[in-house]
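A.B. asks: Pasting the sequence and the predicted model now:
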Amino acid sequence: MGDVMELTYAEALREALREEMIRDERVIILGEEVGVFGGAYKVTRGLLEEFGSKRVIDTPISEIAIVGSAIGMALGGLKPVAEIMYMDFLTICLDQLITQASKARFMSGGKLKVPMVVRTQYSLGRIHGSQHSQFFPSWFLQAPGLYLALPSNPKDAKGLLKASIRENNPILFVECGVLYRSKGEVPNEEYLTPLGKAEIRRKGEDITIVAFSRCVNEALKASEELSKEGIEAEVIDPKTLIPLDKETILSSIKKTGRLLIVSDDIKLGGIGAEISSMVVEEAFDYLDAPIIRIGAPFIPVPFSQKLEQEYMPNADKIVREVKRLW
Amino acid sequence: MMPRYDPVMEKGKIVEWIKKEGEFVNKGEAIVIIEGEKTTFELEAPSSGKLTKILYEQGSDVNVGEIIALIDEELVEKVERIEKVEFKEIKATPRAKRLAQQYNIDLSLIKGSGPEGRIIEEDVLEYIKKEKLEAPLEEELKPLDSIRKTIAERLSFSHKNYVSAAIFSESDFEELMKLKSSLKEKMNKNISITAFLVKACSIALKDFPMINSSWEEDKIRIHKKINIAVGIDTPRGLFAPVIHECDKRSLEEISKVIEDYANRAREGTLRIEELTNSTFTVSNLGSYDVELFLPVINPPNCAILGLGRISKRPTVIDDKIVLRFKGNLSLIFDHRIIDGAPAASFLGRIKELIENPYMLLV
């Protein structure tokens, strides 16, 4: 066996869960259909058999109860990993996440900790309709205390999930549904991917592209196209939105002078808006072009496959927008 | 040029110049009144520009075809261009503007190649290359942090308000260095030079209470407690933590406190009470290659003692030249509080204690 193995994004997540459950018996999985059914997207397949029903708990269909129980477990000393089947369903447990989980540590003067991971996924691009395809990370930017991870590939999916489980703060871990079956190299040796540390996935001198989750792959594809035209893009994957690795983004912009931000959320009030403002505040004098944001339009996700594809950011859109700057 | 207004006209008389030399004229504007054979007419400017030269004065008769005045068309264009530029919005990116500012380049001289004619960094770089402009001096504007601000405020206060006077004295450190090394050898105790100095000052201050004081408008406050601050350099700036009631502490204790303060000053974990209420200050630059220096009095103290490098120097003892450890002491004091003579006696007392260091042990 070599130094790396090829795993799908879902398998990599399962490996992370397995390893952490073996390492620490306080790690508990709970959620809808995570046990007998092995998870709606098979991430938790086999874990019930391996760890038993005390550590892999099938819950009733009540997201508020799932997150509420997880918070209780975490406050009581366990390390729960709750699964919310669709990101859309987080709206039901916003109070638990935002008003309870993220505040506990601050309001107790550091005496209480909520070492909880809430895993969820967004299904944009899978023809699941307006109510099962939403991606709204920026709603959670206003909850100090809550971390937000957005893995873009199998290697980070595993490393970030392991690091998240070991973290003492509550973490919203948003997986990308269309990536579950995508494959990638994952190191055989144990590793953790630090939260709050971006990775430069491609080096370039002409423009910085900050991309999240699935859009990292689109940005990489677009960069190859742009390269043919003599434009070298630097692609940055922040991996976590909170904490955000501002340093890596800013130092790249100081080099390139141009910035494009791409993510699957709605452009209005989205991730791109926040990063764009941050860059204007901290690196205004380095900008050599207007900042470009690519996100989804301000409409619900269409159910028609064609329209949904049109709705989503993609490599073509990135290429088109970047070329506008030259 | 003198025009021909009718077939028989051979000459024209310049009746009056409407425009003066140096004025700007527009095409079609009357510039001169000319009297021909049959009639008087106004000659219009054939083009816009500056009327640079009038060749014939009023009253002159000029042959048809002769040039009577010169208009410089170039000049009018330049004027127009400048006016246009003044009102034209120049589109340039922040990055281009920043670079242009560094090189002191007028952006109106650069043509933008970006979208909508926006000037981008590359355009400025090209201009710099074309004009062979010198790279600007690298300068940095560093905002003051709170430590720098505090240091600046305190030192400015001292400089503005205190009448500082200085006296110097070379002191023999031979015995003290011996004592220091035997304490290390025999008792494994590391006593710093600064600690010896602080101890010596605390004893001397007891004998000269007027120096352990502060100026307060119409009175002098004489402190009962002897709290000596020591200057400690850190990457973040100078700190002067205070060893409270030094007179009641042993040399070893003082040395340990200084060491602890130095560590914590570097870590930035000194507490506010450890930085306040000093009554005197000691500044030791002995670890640098400094012979003598004039420290600034640390307000609200009356005086500060400085020590330069201690080194082996030729010294006359019993009419023989021998090598001894010597160091220069400087005492800077507020002359409003004490005069030169008592200050000199105080410095003499410190010198005596240093040269007879056993006195510091009891």
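C.D. replies: Cool, got the structure. Residues are numbered from 1 along each chain as shown, chains lettered A, B, ... in the order given.
A.B. asks: Tell me, how many residues neighbour residue 97?
C.D. replies: Assuming you mean chain A. For A:L97, the neighbour count with other Cβ atoms under 10 Å in any protein chain shown is 26. (C-beta placed from N, C-alpha, C; glycine too.)
A.B. asks: looking at chain B here, not the other one
C.D. replies: Under the neighbour criterion other Cβ under 10 Å, B:K97 is assigned a count of 20.
A.B. asks: separation between it and A:G257?
C.D. replies: Taking Cβ to Cβ, to the nearest Å as the criterion, B:K97 is separated from A:G257 by 12 Å.
A.B. asks: B:L99 too?
C.D. replies: As judged by Cβ to Cβ, B:L99 and A:G257 stand 10 Å apart.
A.B. asks: Mutual contacts of these two, please.
C.D. replies: Residues touching both B:L99 and A:G257 (Cβ atoms under 8 Å, 6 or more residues apart in numbering or on different chains): B:E121.
A.B. asks: in which helix or strand would I find B:L183?
C.D. replies: According to DSSP states H and E, B:L183 maps onto helix B:174-187.
A.B. asks: Against which helices or strands is that helix packed?
C.D. replies: Judged by 3 or more Cβ pairs under 8 Å, 6 or more residues apart in numbering or on different chains; DSSP states H and E, the packing partners of helix B:174-187 are helix B:193-207, strand B:320-334, helix B:340-355.
A.B. asks: mind running it again at 6 Å?
C.D. replies: Judged by 3 or more Cβ pairs under 6 Å, 6 or more residues apart in numbering or on different chains; DSSP states H and E, helix B:174-187 is in contact with strand B:320-334.
A.B. asks: mind checking how far the strand it packs on is from the chain centre?
C.D. replies: Taking Cα atoms, centre = their mean, to the nearest Å, the mean C-alpha location of strand B:320-334 is offset from the chain mean by 33 Å.
A.B. asks: In its sheet, which strands sit next to that strand, and in what direction?
C.D. replies: strand B:164-172 (antiparallel), strand B:303-307 (antiparallel), strand B:311-317 (antiparallel) (DSSP bridges).
A.B. asks: was I right about B:K326 contacting B:K312?
C.D. replies: No: because the distance of 7.7 Å does not satisfy Cβ atoms under 6 Å, B:K326 is recorded as not touching B:K312.
A.B. asks: out of the two, which sits in the more crowded spot?
C.D. replies: Between B:K326 and B:K312, B:K326 has the larger neighbour count (other Cβ under 10 Å), namely 18 against 13.
A.B. asks: Quickly list what the more buried one is bridged to.
C.D. replies: Using DSSP bridges, the bridge partners assigned to B:K326 are B:D172, B:S311.
A.B. asks: I'd like to know how far it sits from chain A.
C.D. replies: When distance is defined by Cβ to the nearest Cβ, to the nearest Å, B:K326 is 51 Å away from chain A.
A.B. asks: Then B:M1?
C.D. replies: With distances defined as Cβ to the nearest Cβ, the gap from B:M1 to chain A amounts to 53 Å.
A.B. asks: so what's that residue closest to, chain neighbours aside?
C.D. replies: The spatially closest residue to B:M1, leaving aside those adjacent along the chain, is B:I67, at 5.3 Å (Cβ to Cβ, 6 or more residues apart in numbering or on different chains).
A.B. asks: Please give the element, helix or strand, for that neighbour.
C.D. replies: Taking DSSP H and E as the definition, B:I67 sits outside all helices and strands.
A.B. asks: Give me the number of neighbouring residues for it.
C.D. replies: The criterion is other Cβ under 10 Å. On that basis, B:I67 has 11 neighbouring residues.
A.B. asks: Need the phi and psi values for it.
C.D. replies: Here is the backbone geometry of B:I67 (degrees, to the nearest 10): phi -80, psi 130.
A.B. asks: wait, doesn't A:E308 sit right on A:P302?
C.D. replies: Yes: counting by Cβ under 6 Å, A:E308 sits close enough to A:P302 to count as a contact (5.1 Å).
A.B. asks: Is A:M73 in contact with A:P80, as I believe?
C.D. replies: Yes: with contact defined as Cβ under 6 Å, A:M73 reaches A:P80; the gap is 4.3 Å.
A.B. asks: Looking at those two, which has the bigger crowd around it?
C.D. replies: Between A:M73 and A:P80, A:P80 has the larger neighbour count (other Cβ under 10 Å), namely 27 against 21.
A.B. asks: would you say the more buried one is within a strand?
C.D. replies: Yes: membership of A:P80 in a strand is supported by DSSP: H, G, I helix; E, B strand; the rest coil.
A.B. asks: just checking, it touches A:A70?
C.D. replies: Yes: with contact defined as Cβ under 6 Å, A:P80 reaches A:A70; the gap is 4.0 Å.
A.B. asks: so what sits against both of those two?
C.D. replies: A:M116 (Cβ atoms under 6 Å, 6 or more residues apart in numbering or on different chains).
A.B. asks: where do the helices sit along the chain?
C.D. replies: Looking at chain A here, since you left the chain open. Secondary structure of chain A, counting by DSSP state H: helices at A:9-23, A:47-51, A:63-75, A:94, A:104-107, A:154-166, A:214-228, A:246-256, A:271-283, A:305-311, A:315-323.
A.B. asks: Hmm, no, I was thinking of chain B.
C.D. replies: According to DSSP H, the helices that chain B contains are B:73-87, B:94-103, B:121-131, B:146-161, B:174-187, B:193-207, B:251-267, B:340-355.
A.B. asks: give me the low-pLDDT residue ranges for the stretch 1-150 of chain A?
C.D. replies: Residues of the stretch 1-150 of chain A that meet the criterion pLDDT under 70 lie in A:1.
A.B. asks: hang on, I meant the stretch 51-200 of chain B
C.D. replies: Looking at the stretch 51-200 of chain B by pLDDT under 70, you get B:75-88.
A.B. asks: Show me which residues of it sit near chain A.
C.D. replies: Within the stretch 51-200 of chain B, the positions adjacent to chain A are B:T93, B:P94, B:R95, B:R98, B:I120, B:E121 by Cβ under 6 Å from any Cβ of the partner chain.
A.B. asks: Show me which residues of chain A are close to chain B?
C.D. replies: By the rule Cβ under 6 Å from any Cβ, the part of chain A lying against chain B is A:G257, A:F284, A:D285, A:Y286, A:L287, A:D288, A:A289.
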